[in-house]
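1. Sequence and computational prediction follow.
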Amino acid sequence: MHSATTGGGKALLFQKIRGHEPWRALAQAPATMRQMALALGASEDRLIQCVASCLGRPLLGLEEVQKAPCKEKVLKASSIDLTSMPVHQHSERDGGLYIGAGLGIVRDPDTGIQNLAFHRMMLKGRGRRVSVWPRGIRGGFIRNMPKRGCPCPSRW
């Protein structure tokens, strides 16, 4: 709590990752409430109100483009290999390698309700194999899909 509330934390930039030399990784950015307020152009005492007001606003000034740096390397589902990324063990008691904040998008096959959430994902092997502990409002339908004989339709 100390670093989150008093501004003592630091963002971490890893530029030379052994075995993954072309990759760079950024963690804890922004690392503190002060840094988050600075990034959003708000004062620390108004940060929560600023974020709440931003969440209620439509995004303005967006433009869809065909070419962009984020589109320079596109992987198709069949060629995705999560073991090629710098995924690491976070603590000595972890049971394996984890993606700290993986974005999961799932759809309930019965209702069509879609859910998007950040999850800690344990790498289980090549391809797109991860295990996730689904929590939250719609996590129940994900947990129950194997019992119904359904694979989890996902885009991880």
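-> Looks like it arrived, so ask away.
2. Show me where this structure has its helices.
-> Assignment of helices within the chain using DSSP state H yields the ranges 2-6, 33-40, 47-55, 139-144.
3. can you give me the strands for the protein?
-> Taking DSSP state E to define them, one finds strands in the chain at 12-14, 25-27, 98-107, 114-123, 130-132, 154-155.
4. How about residues contacting the second one?
-> What that stands for is strand 25-27. Around strand 25-27, the neighbours that count as contacts under CB atoms under 8 Å, 6 or more residues apart in numbering are 11, 12, 13, 14, 17, 86, 100. C-beta coordinates here come from the backbone N, C-alpha and C atoms, glycine included.
5. Now the third one: closest residue in space, sequence neighbours ignored.
-> Think residue 13. Excluding the flanking residues, the one nearest residue 13 by CB to CB, 6 or more residues apart in numbering is residue 26, at 5.4 Å.
6. Compute the number of surrounding residues for that neighbour.
-> Per other CB atoms under 10 Å, the neighbour tally for residue 26 reads 10.
7. Check it and give its pLDDT.
-> On the pLDDT scale, residue 26 is placed at 79.
8. next one: residue 45
-> 91.
9. Please apply the same query to residue 123.
-> 90.
10. roughly how far apart are it and residue 115?
-> As judged by CB to CB, to the nearest Å, residue 123 and residue 115 stand 22 Å apart.
11. more neighbours, the two?
-> Neighbours were counted for residue 123 and for residue 115 using other CB under 10 Å; residue 123 has more, 19 against 16.
12. Show me what that one bridges to in the sheet.
-> residue 130 (DSSP bridges).
13. I figured it was touching residue 130, is that so?
-> Yes - at 5.9 Å, residue 123 counts as touching residue 130 under the criterion of CB atoms under 8 Å.
14. Lovely, talk soon.
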